[in-house]
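Colleague: Build me a model:
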Amino acid sequence: MKEKRNWLYILLGVIICILLGGLILLYVKYEQLEDRYDEEYHYNTNYDNNSNNNVSDNNTNNNQENTNYITRDKALQIALDNLKIKQQNVYDLDIELEYKNRYGKTVYEVSFDYDRYEYEYYIDATSGKILDSFIERA
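Modeller: Numbering: from 1, shown residues only. Alright, predicted model coming up:
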């Protein structure tokens, strides 16, 4: 009886390992699909405060011709206003203008660190509307 119980424990352990392996494979596949879904088209952008209309697309298959984008500084100010903080209090600031398939439009990706957290905002480059925001402990 004791020997039969030991075999059941071994069988249960093998089944659990197989299930965990399957979950790990599903997670890896999900990450690959998400990366493909979130394919990015980068733009050469003049980030001068006075001129943000000289945007050219590196991807010739993408017909995004809208050049009425808000400025880089305006996108940053929208994110900072959302948190009610000042620019001098943030560090590791990064602002990118790119086309995101997830939103179907060109967005500013604004990321920075503040008070032991990393913030990431996706802001519509035309309207200035916050499309998404994420916070993560730094």
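
Colleague: Which parts of this structure are strands?
Modeller: If DSSP state E is used as the criterion, the strands of the chain fall at 40-44, 56-57, 91-100, 105-114, 117-124, 130-137.

Colleague: Quick check: mean pLDDT of the lengthiest helix in the chain?
Modeller: Ranked by residue count, the top helix of the chain under DSSP state H comes out as helix 2-37. Averaged across helix 2-37, the pLDDT comes to 80.

Colleague: gap between that helix and the chain center?
Modeller: How far helix 2-37 lies from its chain's middle: 29 Å, per C-alpha atoms, centre = their mean, to the nearest Å.

Colleague: Please determine how far the nearest residue to Ala79 once chain neighbours are set aside is located from Lys2.
Modeller: Excluding the flanking residues, the one nearest Ala79 by C-beta to C-beta, 6 or more residues apart in numbering is Tyr121, at 4.2 Å. Yep, even glycine has a C-beta here, placed from its N, CA and C like the rest. In this view, Tyr121 and Lys2 are 61 Å apart by C-beta to C-beta, to the nearest Å.

Colleague: Noted, bye for now.
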